[in-house]
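In: A structural model of the following input is requested.
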Amino acid sequence: MDSTNINSASPSNQPVRFYKFVALTFLIITIVLLGSIIFMSSKRAQITIITKAEPVEINTTIDIDPNQVEAIVPGFVTSTFVEFTKAYSPQGNKTEEDLATGEVTLVNDSNLPQPLVVKTRLLTPAGILFHLKTGVVVPANGQIKAEVYADQKGTGGNIATSTFTIPGLNETKQKIIYAKSDTAMTGGIKTIGVFNQDDLTKAEQSLLADLKKQGSDILSENNSDKKGLFDIVQYTFENDGTLGEETSSFNLTGKATVVAVFYDDTKLKTYAKDMLEKHIVDNSEVLQSANEEPTVVLNQYNFQAGTAKLAVTNSGLVDLDPNSRELQKIMFFGKTEDEVRRYVMALNHVTGVEMNFHPVWNREVPHVASRVDITLRQVQ
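Out: Below is the predicted model:
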């Protein structure tokens, strides 16, 4: 009787134990999966790549030829003739007093023209006397410029701008007919030296620069919409001095032909920048900045043919491209801190890398893009 009862109870207990085992197993699996999900979702990696931009430079030549149908940079060659005379002083070794000279504006506020003879006196409020170099007629209600010289030699005549009365006129006229100067009087002391070849050479170099500027100003006025480069083709000099003689000054006259090459500055800048970008052969690099004003030099020209060659130099800064394939997040998935460091430091322009992994026990970059932050920081 007892044996029968024990055997009949055993089958009913077995399904209960089985279901408990299944439930416990499912619970463990659920906890493990939940923990894995929580662990994976908490993993983050912050990678800061430190870069330094490096200079890049290109040198190229551009042909200026008005006969080209589709020129890279349109332009043309032109010229003008200029002549200029200027006074120079030799290297002096002694000084002596002389008459200061300058220019005044004679003003006539009356209704009648006023003639003034040569050597007419002009007096400053301080009592310094000057004379007109030539006779003039000051127009009624008008003005006229005239050259003057000091009555006495020496530095006393080297005065700043001033007003002048005309003592030779009556007091009434002195109030409405007078003079004023806009520049200082100079020359009260002059330097005397021996005119030598060094003086002449220095003067010619100085006058050559003046001739070039005069020619470039004339040519630029007629081509203000373009950029120009200038050079002197031919020039000659004449002077009125005698080498070896003692003198305070000599006059030098220069004659020159100034050639100009005008070109489209906007298109040249665009071309120079394009060439700079083409110079970057590494796909991981980007042109961060380019010189706003490329250096342009007139390399050579053919005045008869109307052609020229321009030497162009442009420079800029190149850095690591943040959008390059090498910095895509997928390239970092699963890498350890050491692997990330070795990979990043092998890239051009990289000087360092900083990393933060979360949580603290995580030492790998997650395989989820939203959990990975990659930033670039440039140093000077």
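In: pLDDT score for residue 221?
Out: In this model, residue 221 is scored at 91, pLDDT.
In: can you give me the helices in this protein?
Out: Along the chain, counting by DSSP state H, helices occupy 2-42, 171-176, 197-222, 265-278, 337-345.
In: and those helices as CSV, adding distance to residue 66?
Out: Backbone N, C-alpha and C define where each C-beta goes, glycine included. Below are the helices of the chain laid out as CSV (distance: least, Cβ to Cβ, whole Å):
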stretch, distance to residue 66
helix 2-42, 70
helix 171-176, 60
helix 197-222, 16
helix 265-278, 14
helix 337-345, 53
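In: Out of those, which is closest to residue 236?
Out: Closest to residue 236 of the helices of the chain, according to Cβ to Cβ: helix 197-222, at 10.1 Å.
In: in this structure, which residue is closest to the centre?
Out: Geometric centre of the chain, nearest residue: residue 293, 6.0 Å, by Cα atoms, centre = their mean.
In: phi, psi of that one?
Out: Here is the backbone geometry of residue 293 (degrees, to the nearest 10): phi -120, psi 100.
In: residue contacts, it?
Out: Shown in contact with residue 293 (Cβ atoms under 8 Å, 6 or more residues apart in numbering): residue 269.
In: Burial check on residue 110, number of neighbours?
Out: Residue 110 has 14 neighbours, counted by other Cβ atoms under 10 Å.
In: One more: residue 352?
Out: If we define neighbours as other Cβ under 10 Å, then residue 352 has 14 of them.
In: so what's it up against?
Out: For residue 352, counting by Cβ under 8 Å, 6+ apart, the contacting residues are 49-50, 345.
In: Most neighbours among the residues you listed, which one?
Out: Neighbour max across the contacts of residue 352 (other Cβ under 10 Å) = residue 49, 23 neighbours.
In: Would you map the strands across the stretch 251-380 of the chain?
Out: Counting by DSSP state E, counting those that start in this stretch, the stretch 251-380 of the chain has strands at residues 285-290, 295-302, 307-320, 350-358, 372-378.
In: Only alpha carbons, please: show the longest one as PDB.
Out: I take that to be strand 307-320. The C-alpha coordinates for strand 307-320 follow below in PDB (Å, rounded to 0.1, in the frame of the first residue of the first chain):
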ATOM      1  CA  THR A 307      53.800  88.900 -75.000                       C
ATOM      2  CA  ALA A 308      55.100  88.300 -71.500                       C
ATOM      3  CA  LYS A 309      55.700  85.600 -68.800                       C
ATOM      4  CA  LEU A 310      54.700  86.100 -65.200                       C
ATOM      5  CA  ALA A 311      56.300  84.200 -62.400                       C
ATOM      6  CA  VAL A 312      53.700  83.400 -59.800                       C
ATOM      7  CA  THR A 313      54.300  82.200 -56.300                       C
ATOM      8  CA  ASN A 314      51.500  81.300 -53.900                       C
ATOM      9  CA  SER A 315      51.500  79.800 -50.400                       C
ATOM     10  CA  GLY A 316      49.000  78.500 -47.900                       C
ATOM     11  CA  LEU A 317      48.500  76.100 -45.000                       C
ATOM     12  CA  VAL A 318      47.600  72.500 -45.300                       C
ATOM     13  CA  ASP A 319      46.100  70.400 -42.400                       C
ATOM     14  CA  LEU A 320      44.400  67.100 -41.800                       C
END
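In: Tell me the helices and strands packed up against that strand.
Out: Contacts defined by 3 or more Cβ pairs under 8 Å, 6 or more residues apart in numbering; DSSP states H and E place strand 307-320 against strand 44-51, strand 54-64, strand 75-88, strand 250-263, helix 265-278, strand 285-290, strand 295-302.
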